[in-house]
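Trainee: the sequence isn't on hand, but the structure is:
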């Protein structure tokens, strides 16, 4: 992969994307920040695993159905004002939250792999939620916004039938639109 240092990151590195980067193999890092105006592009079957916090103020895109972003078991937050648009999925493997300052758009499948909880304190636009047969507790924080823009027949996929979506917090907004 070509990173801003013209080198591949080590698993414990904190990565800041300050130039356009193409990932051509599986990579693991600690914290990942994609700065505004820059793109992290997946080639084919690449997986990027972030074991710390994920901040996206730019664009993460490309790849095929096996091109994934995995926020690992030590990750605690997702934030930024950018877009995640890989052809694979964004997988959350830990209890975490979207920070209040965030305004993220996620056009790929957002999936959970462990029984966990997620609190949206910011603004998120999602195309597809999948609990992957796990028990998920989704909570909308005060003044948060969730826009579910389900397209092409995508939906909230509650495979476990045990997930809970709590939209009852005061002063939060949930918008739902489905097509296809």
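Mentor: Nice, thanks for sending it over. Bear in mind that the values here come from a model prediction, so they are computed numbers and not experimental data.

Trainee: right, and the helix or strand after whichever strand or helix holds residue 85?
Mentor: Under the criterion of DSSP states H and E, residue 85 resides in strand 83-86. Later in the chain than strand 83-86, the nearest helix or strand by DSSP H and E is strand 89-92.

Trainee: what strands flank that next one, and is each parallel or antiparallel?
Mentor: Next to strand 89-92 in the sheet, as set by DSSP bridges, lie strand 68-71 (parallel), strand 103-112 (parallel).

Trainee: can I get the ones you listed in JSON lines with mean neighbour count and distance to residue 163?
Mentor: Any C-beta I mention is one placed from the backbone N, CA and C, and that applies to glycine too. Formatted as JSON lines, those follow (neighbours: other CB atoms under 10 Å; distance: least, CB to CB, whole Å):
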{"stretch": "strand 68-71", "mean neighbour count": "24", "distance to residue 163": "18"}
{"stretch": "strand 103-112", "mean neighbour count": "21", "distance to residue 163": "8"}
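
Trainee: adding distance to residue 47 and mean pLDDT, write these out as TSV.
Mentor: Below are those laid out as TSV (distance: least, CB to CB, whole Å; pLDDT from 0 to 100):
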stretch	distance to residue 47	mean pLDDT
strand 68-71	5	88
strand 103-112	13	87
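
Trainee: can I get these in JSON lines including distance to residue 171?
Mentor: Converted to JSON lines, these look like this (distance: least, CB to CB, whole Å):
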{"stretch": "strand 68-71", "distance to residue 171": "27"}
{"stretch": "strand 103-112", "distance to residue 171": "17"}
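
Trainee: how about residue 32, what does it touch?
Mentor: 14, 15, 17, 48, 50, 52, 53, 54, 55 (CB atoms under 8 Å, 6 or more residues apart in numbering).

Trainee: that one and residue 80: what is the separation?
Mentor: Going from residue 32 to residue 80 by CB to CB, to the nearest Å gives 10 Å.

Trainee: show me the common contact partners of the two, please.
Mentor: With CB under 8 Å, 6+ apart, residue 32 and residue 80 have common neighbours 54, 55.

Trainee: please list only the buried members of the contacts of residue 32.
Mentor: Buried subset of the contacts of residue 32 (neighbour count, 16 or more other CB atoms under 10 Å): 15, 17, 48, 50, 52, 53, 54, 55.

Trainee: per-residue confidence at the residue lying closest to the fourth one once chain neighbours are set aside?
Mentor: The one in question is residue 50. Residue nearest to residue 50 in three dimensions, not counting chain neighbours: residue 32, with 4.6 Å by CB to CB, 6 or more residues apart in numbering. Each residue has a pLDDT score; the one for residue 32 is 93.
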